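J.: starting from these lines, generate the structure:
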Amino acid sequence: MRETVIASELDLALVNALQLRPRASWTELAPLLGVTAGTLARRWDRLAGAGLAWVYAAPGREFTRNRCTAFVLLRCRPRQRSRLLADLGAFSEVVTIELTSPGSADLLLDVLAPDLPSLSRFLQEKLDRLPGIVSVSCLFATSLYVEGSRWRLRSLDPAQLTALSSTAAAREPARTLALDPVDRCLLDELVRDGRLGLAELAERTATSPATVRRRLRRLMDSAVLTFRCDVASALAGRPVPVSLLGQVPARDIGTVHRALAALPECRLVAAVTGPANIFATLWVHDLGDIQRREVALCARLPALTVTDRIVGLRTAKRMGHLLDEEGRRIGTRPISPW
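T.: Numbering: from 1, shown residues only. The predicted model follows:
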């Protein structure tokens, strides 16, 4: 049985710091957080061991330009949902699985693939063959404006945020990068644990620390990958995830996506295909907050019409990491969408 860990203010500040600088050394973070590097290492080991926080590699901005992202809404037979969760969780293409309130969908999937033919094969050869699915609706992302690594705990003071953000400025991708077996092996290890050190990565990829450092810098500079620090529901204040589908005239999409992206509770904003052309996921405080946020958004953005609201009841998988009913990480099914 896992140790019950009650997160302190220092724990929350540590996680917030790692959301900004996921691979920062404990020595770098110690002066900013006012404790020793050893204290931070011990705190992180406890949080990670309890499944409350974890760091991993995820697709970077290059993916949104050259690869395929889809949001798949499934309706299924009630008695089949538990079995479908296990089947879907085993697919590397299905990076996130959300159990939702009954309505337009029973399950909401985030699906990533290197290209459209690969995504089509997944839908036709894997998803369509699963028993128990009643209907499938697929929204292809045409632009991804905001993704999960932008969400923050907001536990640091302004001075700490300035110190961390000043060295974490985003760079524009230099060019599309062709990946070789060493790159893919490195990505596979970092998807499992984004804080693995250079020496351990070198051992696991049968290279040298210098090679790992050079490859990692190249992957990051080309925006092939980004690093995230994610948290269990309890550490995030037990938010209620709600995905909004909306319609907006094409000329107003930029204005709407900027307004949504500015919301602290925003996890994701994408332009999608289909009758609705905006898909956004928010982590709100409670069910009543869904209506309050929607009213405020529509008053601020008269061009936006919300056509559906999908409330998440439980996240079973997030970016390849399996979660229990409390949202704690209990395992990994590594993704490989590159």
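
J.: which residues in the stretch 101-250 of the chain form helices?
T.: Counting by DSSP state H, counting those that start in this stretch, the stretch 101-250 of the chain has helices at residues 116-121, 158-165, 181-192, 198-205, 209-221.

J.: winner for burial among those helices?
T.: helix 181-192 (a mean of 18; mean count of other CB atoms under 10 Å). C-beta coordinates here come from the backbone N, C-alpha and C atoms, glycine included.

J.: dump the C-alpha coordinates for that helix into PDB.
T.: Presented in PDB, the C-alpha positions along helix 181-192 are these (Å, rounded to 0.1, in the frame of the first residue of the first chain):
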ATOM      1  CA  PRO A 181      16.900   4.900 -33.400                       C
ATOM      2  CA  VAL A 182      18.900   6.700 -30.800                       C
ATOM      3  CA  ASP A 183      16.500   9.600 -30.700                       C
ATOM      4  CA  ARG A 184      13.500   7.300 -30.400                       C
ATOM      5  CA  CYS A 185      15.200   5.300 -27.600                       C
ATOM      6  CA  LEU A 186      15.900   8.600 -25.800                       C
ATOM      7  CA  LEU A 187      12.300   9.700 -26.200                       C
ATOM      8  CA  ASP A 188      10.900   6.400 -25.000                       C
ATOM      9  CA  GLU A 189      13.000   6.700 -21.800                       C
ATOM     10  CA  LEU A 190      12.000  10.300 -21.200                       C
ATOM     11  CA  VAL A 191       8.300   9.600 -21.700                       C
ATOM     12  CA  ARG A 192       8.600   7.300 -18.700                       C
END
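
J.: tell me which residues touch the nearest residue to L164 once chain neighbours are set aside, please.
T.: In space, L164 comes closest to L20 once its chain neighbours are excluded; the distance is 4.4 Å by CB to CB, 6 or more residues apart in numbering. By CB atoms under 8 Å, 6 or more residues apart in numbering, the contact set of L20 is R152, L161, L164, S165, A168.

J.: now the second one: how far from A17?
T.: Put plainly, it is L161. Going from L161 to A17 by CB to CB, to the nearest Å gives 9 Å.

J.: for L244, which non-adjacent residue is closest in space?
T.: The shortest distance from L244 to any non-neighbouring residue, by CB to CB, 6+ apart, is to A280 (4.9 Å).

J.: so what strands line up beside the helix or strand hosting the one you found?
T.: Take DSSP states H and E as the rule and A280 turns out to sit in strand 278-284. Strand pairing for strand 278-284, using DSSP bridges, gives strand 240-247 (antiparallel), strand 266-272 (antiparallel).

J.: so who does the nearest residue to L127 once chain neighbours are set aside touch?
T.: For L127, the nearest residue in space outside its immediate sequence neighbours is V136; the separation is 6.6 Å by CB to CB, 6+ apart. The neighbourhood of V136, defined by CB under 8 Å, 6+ apart, consists of V72, L73, L74, L123, L127, D128.

J.: do that again at 7 Å, thanks
T.: Contacts were defined as CB atoms under 7 Å, 6 or more residues apart in numbering; by that measure V136 touches V72, L74, L127.

J.: give the buried subset of those residues as a ChimeraX selection command.
T.: For the buried members of those, the matching ChimeraX selection, counting by 16 or more other CB atoms under 10 Å, is:
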select :72,74,127
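
J.: could I get the contacts of V136 as CSV with pLDDT and distance to S143?
T.: What follows is the contacts of V136, written out as CSV (pLDDT from 0 to 100; distance: CB to CB, whole Å):
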residue, pLDDT, distance to S143
V72, 97, 18
L74, 96, 24
L127, 95, 24
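
J.: neighbours of the residue nearest to G246 when sequence neighbours are not counted, just the number please.
T.: In space, and not counting its chain neighbours, G246 is closest to I278: 4.2 Å by CB to CB, 6+ apart. For I278, the number of neighbouring residues by other CB atoms under 10 Å comes to 24.

J.: I278 reaches G254, doesn't it?
T.: No. Under the contact definition of CB atoms under 7 Å, I278 does not touch G254, with a separation of 11.2 Å.

J.: related to what we said a few turns ago, now the contacts of L20 in JSON lines, please, with extra columns for pLDDT and distance to E28.
T.: Putting the contacts of L20 into JSON lines (pLDDT from 0 to 100; distance: CB to CB, whole Å) gives the following:
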{"residue": "R152", "pLDDT": "89", "distance to E28": "19"}
{"residue": "L161", "pLDDT": "92", "distance to E28": "15"}
{"residue": "L164", "pLDDT": "89", "distance to E28": "9"}
{"residue": "S165", "pLDDT": "80", "distance to E28": "14"}
{"residue": "A168", "pLDDT": "45", "distance to E28": "11"}
